[in-house]
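> Mind folding the following:
(chains A and B)
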Amino acid sequence: MAANPYSILDIGKEASNQEIIRAAALQMRQKRFCAKEIAQAQKMLLDPVSRGCQEFLYHFDFKGLEERLCRPLEIKPPEFDAPCLTLFDNQTHDC
Amino acid sequence: MAKKKNKIDTLLKRAEKLFNAGNYIEAEEKFLKAQRQLNSPKIEEKLAVCRREANILRGKELIARGEQSIQANNLSLALDCFKQAAALVNDPRPAERILELEALITGRQVYEKARSAAASGDRAAAAKLYEKAAAGYLDLWETQKDHDALKKAAVCLTKAGDFTKALDLFGRVGDFDEQAGYHFGFALAKTGDCFGAMAQWQTLDLQDTAFSEQRATVLENAVDQVYRDLKAAAGNVGESGIEERCKRAEEVSSFIRPDDSRALKERIEALLMYAKVISARIKWEAADYEAVVRLVEGLWADPELIRLKAAACYHISKDRNKYLGDLSECWMDAVGTLDVLKAQHLGNEDKTIEIQDRLIRMAHMRINTANAGGEKESAIARFDIQTRLTADLKAISQRSGKKIPICSSRYAALSGRSEQILELIRENKAYFRDEQHYLETGGYYSRVGSCLWALKTGDIESAIKSLDRLGTESTPDEFTQYARELIRFEYGLKALESGQKNFMDYFSSTHLLFEAAPAIEVRFSDRMLQDERDNVLAYEALTALLYGKRPSRPIARARSVLLARAAIVKYNDDKVTDKQFRVMVKKALELDPDNQFALQLLDSTNMEADMDVLLKIMGKGKFEKAAQMAVDSEYPEIRESFFEMAEKIAGMIHDQDVPPEFIKLDLERLKAAVTVVDPFHDLVDNIQFKIKTIGA
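Now for the predicted structure:
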């Protein structure tokens, strides 16, 4: 199993097939990865089922997840406006 | 006159004695009496010393009494003592104490006035008076460096509402008692540092409703502060202090108490989860997948979290033989989340099922191609079970037309769906191929599901330990009952094999398991029939117990074989006689008349018994009877033994030291007996030859 194909091709989750092909050609020229890896990455992302699997493995909607988890925390608590308690006023060695 | 002089001398002697003993107060009294009569300058000198020393003693006594009065909180008496002492001794301490006490008394008076003003609702007047009291304590702190006065000043300033100044003073206080701790926390909360306030209040153990309410509000605000701070940092790319802020979230969670409200606890849990997810995002971006798994472990609140863990496990297991167990546990749940997520994230909605199938194959391959050892075997078992369970739940869902949450038993338990799934399994009992299939599927989702998982993935020790921890309920459901008995049964067999003395305890209700799942009973019986095994006597005892509670055909067969084998073991160890041995074998045959092993055993036993009889009667010279026995016997071995013995006896008769006519007679009898069995046997001619030799 190769590494993250999106990273190899340096493309985002929404890239179209045309963008994938263009990105693969660009990477071939830049030679940051070997030709086999680039070809494999391109193949993976051009096949819809394989691409779905790669999305499953590499793309997470952290923003949406964080927003969902934030919801219960967004409610502002009541302000602290209570008076100072006289709880200790009768203690020995009192003020 | 002489008498009077003697009296004065005696008085002076006593005075001197007291003086020398340091009892200046009484010595002064005696010297004073003598001086009145003698008016001597020497006595006057002594009197001066006595007066000075007595004052010192009285002063010390007053200082001690003054300190005691402070301890007893009687400040005015203490002040009086120190004032008297100051007049008697040349010591700076009473003067210092007088200043301190005057300030304290004034402070207290002002404080009491402030309290009265506060109680009557005149807050402005109260604040001014508290400030005045604080000023007095501060003076005392300045002059005496009394930390207690510093604390009191800070408390008074808090009460006066001057929180900034109060915090400045609290910052210089070394040790905090409850009063100072409360007021410090209060001042912090009032200036907006609710986290700091909670840190101060954390150690206060106060059973006071008003304080509990204040604490709850401050804690809620502390959570809010930590959350907003974290959120702001998380929104800034490259924010370096995120880890520190996440740590704060953990710290704020440590403030929670068991009696805090559920809403507050949930808020803190939500904050912790949020902090973990932010940390997980940072670790994910840095490809630190192990840290991601650690962070999201146990978080199931959102489908993305399950997928995140599964993907992280998948990536880790690529190069290392690790996290296979976690992968096998959460993968099917993660794949299941695609049903929920497809519309939101995955672009290929129509391909979802194909993607799911491919993902399952990918994980299957990853687990199966991992290096042997470690978690591999249990991961394979777990993944296979998960796959089966998912397939069954999907089939039930389709069959019943009900949309059910298809998830692992762990996820079901964490998300409170176990009962819903169990109910659906019950409703669709007809779907399952047999009772065992039905019970086992439900068993994974039952109360003891985690124990069943442990058993099925090869960790029988932890299965039984978890089972013991969970305890037994009076009326368990059928799935719990099944899983429990299965674990006890399997562990019992292990205990038997390892020689544990109490192994029988685990089989006390195995008959219920066999009733519910006869296939397990048959498998057990087949195992008993197939192989030669150690611990035959223990297995025999076990089958006796099982047969007693459930006299089924499979158990009867197993018991029959083990009883026959146990008979041999006991016979060889001289624990049973021939007769007892035969009784045991016959009992084995009663249990299973088709027990070939017992049949053979009985057969050979019978032949040996016949052989014994043959030897006995031949030895007694009853050749005709022996011959008849050889003819009648169904065993060829008896005939062969007859001829062997007859040959030996012929030789013995021939060599006897008796008159020839007796030898001849015996040989004729033997020859006749041999002829009855086989007239053409070589031994007939052989004996005839011996007879002729004697005749010659």
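> My read is that residue B:378 contacts residue B:462, right?
No. Counting by Cβ atoms under 8 Å, residue B:378 does not reach residue B:462; the two are 10.9 Å apart. For glycine as for every other residue, the C-beta is placed from the backbone atoms N, C-alpha and C.
> So which of these two has more stuff around it?
Between residue B:378 and residue B:462, residue B:378 has the larger neighbour count (other Cβ atoms under 10 Å in any protein chain shown), namely 18 against 15.
> Following the chain onward from the lowest-mean-pLDDT helix or strand in chain B, which element is next?
Here the helix or strand of chain B ranked lowest by mean pLDDT, DSSP states H and E is helix B:338-341, holding a mean of 61. Moving toward the C-terminus from helix B:338-341, the first helix or strand encountered (DSSP states H and E) is helix B:352-368.
> now for that next one, which elements pack on it?
helix A:48-58, helix B:303-319, helix B:324-336, helix B:338-341, helix B:376-400 (3 or more Cβ pairs under 8 Å, 6 or more residues apart in numbering or on different chains; DSSP states H and E).
> So which bits of chain A are right by chain B?
For chain A, the contact set with chain B under Cβ under 8 Å from any Cβ of the partner chain comprises A:1, A:48-53, A:55-62, A:64-66, A:68-70, A:72-73, A:76-80, A:82, A:84-89, A:91-95.
> filter the residues you listed to the buried ones?
Neighbour counting over these (16 or more other Cβ atoms under 10 Å in any protein chain shown) leaves A:49-53, A:55-62, A:65-66, A:69-70, A:73, A:77, A:80, A:82, A:84-85, A:87-88, A:95 as the buried ones.
> Excluding covalently adjacent residues, which one is nearest to residue B:163?
residue B:187 (4.3 Å; Cβ to Cβ, 6 or more residues apart in numbering or on different chains).
> Just give me the neighbour total for that neighbour.
Neighbours of residue B:187 (other Cβ under 10 Å): 29.
> And for residue B:603?
So residue B:603, with other Cβ under 10 Å, has 13 neighbours.
> Phi, psi for it please.
phi -60, psi -50 (degrees, to the nearest 10).
> So in chain A, which helix runs the longest?
As assigned by DSSP state H, the longest helix anywhere in chain A is helix A:17-30.
> Give me the helices and strands touching that helix, please.
Judged by 3+ Cβ pairs under 8 Å, 6+ apart, the packing partners of helix A:17-30 are helix A:5-9, helix A:35-46.
> need those in CSV with mean pLDDT, distance to residue B:103 and mean neighbour count, can you?
As requested, those are exported to CSV (pLDDT from 0 to 100; distance: least, Cβ to Cβ, whole Å; neighbours: other Cβ atoms under 10 Å in any protein chain shown):
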stretch, mean pLDDT, distance to residue B:103, mean neighbour count
helix A:5-9, 94, 73, 21
helix A:35-46, 93, 82, 17
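> CA atoms only: put the helix or strand where residue B:467 lies into CSV for me.
In this assignment (DSSP H and E), residue B:467 forms part of helix B:460-470. Output of helix B:460-470 as CSV, limited to C-alpha atoms (Å, rounded to 0.1, in the frame of the first residue of the first chain):
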residue,chain,number,x,y,z
ILE,B,460,-9.5,-17.1,28.5
GLU,B,461,-7.8,-15.9,31.7
SER,B,462,-9.0,-12.4,31.3
ALA,B,463,-12.4,-13.7,30.2
ILE,B,464,-12.9,-15.5,33.5
LYS,B,465,-11.5,-12.6,35.6
SER,B,466,-13.8,-10.1,33.9
LEU,B,467,-16.7,-12.5,34.5
ASP,B,468,-15.9,-12.8,38.2
ARG,B,469,-15.6,-9.0,38.4
LEU,B,470,-19.0,-8.5,36.9
